[in-house]
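Q: Requesting a structural model of the entry that follows:
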Amino acid sequence: MFVLTVTALIFVVVCGLLVYSVVKFRGRAIDAGREPAQVYGSTQIEVAWTVIPVLIVAVLFHAIQDAPKPASALDVTVIGHQFWWEFRYPKLGIVTANELHIPASDPTHPTPTFLKLLSADTDHSFWVPELGGKTDLIPNRVNEMWLDPTRPGIYLGQCAQYCGTQHAKMLLRVYVDPPADFAEWVGAEQQTAIQDLQVSAGRRVFETTACINCHAVRGTPADGRFGPDLTHLMSRSTLASGAAENTPANLRLWIQNPDAIKPGSLMPAMKLSDADLYAVTAYLETLR
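A: Okay, here's the model as predicted:
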């Protein structure tokens with residue numbers, strides 16, 4: 001509203017000066033054949049139309065970039081990877097991927113979400129059109145932005161900076177949850193993964209192959225950081241950063257042949273036997 005007010009005032013002033021000039025200096029019959037007075041330069045005008053816009057831009061920049069951070073704000077660290085998103089909630093002890101959950105903000109008691117944007121490899125850009133403009137993630141640099149949505153729902157976004165072969169499928173979803181639903185989600189995410197004893201064979205396959213080099217599952221030896229944290233994998237609606245729905249069939253295909261879903265993905269084909277493939281898929285389906 002502050003930006004809208006400032007730009008509206010600029011619009012009124014510019015249009016007012018334009019109307020004034022059109023009316024005051026309109027052509028009249030008495031002026032026919034007579035050349036108006038010529039102005040070849042005005043230091044005052046030059047200074048005015050340079051200094052005033054600079055001051056306006058400085059005020060807008062300060063108002064937008066230096067927004068005060070309320071004590072109730074939620075902090076999330078966003079890390080861009082080729083080609084997926086990692087979301088860390090440092091105060092809540094939660095790590096998840098590709099699907100960002102944040103609380104809806106009450107205008108009377110704002111609870112905005114402040115994002116710290118980092119890159120693990122190359123340039124990326126965080127962009128959710130319905131929630132705000134894009135902000136780049138640049139290696140060895142920390143950028144920041146904040147979201148303050150008031151309407152619950154699912155908002156779709158993606159990387160907006162070309163980052164490699166699967167840039168177009170580096171998708172993300174922002175779930176703006178009512179406060180009660182967000183608290184319920186936090187509680188579920190803070191629990192250790194629920195594991196069924198009947199899938200111990202699948203867990204053994206997971207923990208004795210290269211899976212644990214890239215992925216983490218809290219409460220197990222798996223503590224990788226190159227791929228998404230899988231502790232609550234089945235709480236997510238999509239796989240491969242939004243490239244496919246999170247179904248048992250797609251999960252099995254993703255493990256068996258990632259290029260079938262996302263060509264050029266850095267996820268390797270695990271080359272498991274059919275029995276091990278079905279076992280590890282069954283194990284992953286218990287991670288809720």
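Q: give the contact list for the residue sitting nearest the centre point of the chain.
A: For the chain, the residue nearest the mean C-alpha position is F126 (4.1 Å; CA atoms, centre = their mean). Residues in contact with F126, defined by CB atoms under 8 Å, 6 or more residues apart in numbering, are 78, 80, 115, 117, 134-137, 145, 157, 159-160, 172. Every residue, glycine included, has its C-beta placed from N, CA and C.
Q: That one belongs to a helix, doesn't it?
A: No - the secondary structure assignment for F126 gives strand rather than a helix, going by DSSP: H, G, I helix; E, B strand; the rest coil.
Q: For it, name its beta-bridge partners.
A: Beta-bridge partners for F126, by DSSP bridges, are T135, C159.
Q: And the pLDDT for it?
A: Taken from the predicted model, the pLDDT recorded for F126 is 96.
Q: What of G133?
A: 88.
Q: where does it land in three-state SS?
A: Assigned with three-state DSSP, G133 falls in the coil class.
Q: Over to T77?
A: T77 carries the three-state label strand when classified by three-state DSSP.
Q: OK, contacts around the closest residue in space to it that isn't next to it in sequence?
A: Counting by CB to CB, 6 or more residues apart in numbering, the nearest residue to T77 once its immediate chain neighbours are dropped is R88, at 4.2 Å. Applying CB under 8 Å, 6+ apart, we find R88 in contact with V76, T77, I79, I94, V95.
Q: R88 and A240: what is the separation?
A: Between R88 and A240 the distance is 20 Å, computed by CB to CB, to the nearest Å.
Q: With M234 instead?
A: Separation of M234 from A240 (CB to CB) stands at 15 Å.
Q: ok, the two, which is more surrounded?
A: Between M234 and A240, A240 has the larger neighbour count (other CB atoms under 10 Å), namely 23 against 16.
Q: Test my guess that the more buried one contacts P263.
A: No - using CB atoms under 8 Å, A240 makes no contact with P263, being 10.8 Å away.
Q: looking at the protein, which residue lies furthest from center?
A: Most peripheral residue of the chain (CA atoms, centre = their mean): I30, 63.7 Å.
Q: Poorly predicted segments of the stretch 1-150 of the chain, please.
A: 31-32, 65-67 (pLDDT under 70).
Q: can you rerun that using 90?
A: Across the stretch 1-150 of the chain, the ranges flagged by pLDDT under 90 are 1-4, 6, 24-46, 48-49, 56-72, 93, 106-111, 132-133, 146.
Q: tell me which strands and helices the helix or strand containing P53 is in contact with?
A: In this assignment (DSSP states H and E), P53 forms part of helix 43-65. In this structure, helix 43-65 makes packing contacts with helix 2-24, judged by 3 or more CB pairs under 8 Å, 6 or more residues apart in numbering; DSSP states H and E.
Q: send the alpha carbons of the helix it packs on over as CSV?
A: Output for helix 2-24, consisting of C-alpha atoms alone and laid out as CSV, is shown next (Å, rounded to 0.1, in the frame of the first residue of the first chain):
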residue,chain,number,x,y,z
PHE,A,2,2.9,2.3,0.7
VAL,A,3,4.3,1.8,-2.8
LEU,A,4,0.9,2.2,-4.3
THR,A,5,0.4,5.5,-2.5
VAL,A,6,3.7,6.9,-3.6
THR,A,7,3.2,5.8,-7.3
ALA,A,8,-0.3,7.2,-7.2
LEU,A,9,0.9,10.6,-6.1
ILE,A,10,3.5,10.5,-8.9
PHE,A,11,0.8,9.7,-11.4
VAL,A,12,-1.4,12.6,-10.2
VAL,A,13,1.5,15.1,-10.3
VAL,A,14,2.6,14.0,-13.8
CYS,A,15,-0.9,14.0,-15.2
GLY,A,16,-1.7,17.4,-13.5
LEU,A,17,1.4,19.0,-15.1
LEU,A,18,0.5,17.5,-18.4
VAL,A,19,-3.1,18.8,-18.3
TYR,A,20,-1.8,22.2,-17.2
SER,A,21,0.7,22.4,-20.1
VAL,A,22,-1.9,21.3,-22.6
VAL,A,23,-4.4,23.9,-21.5
LYS,A,24,-2.0,26.8,-20.8
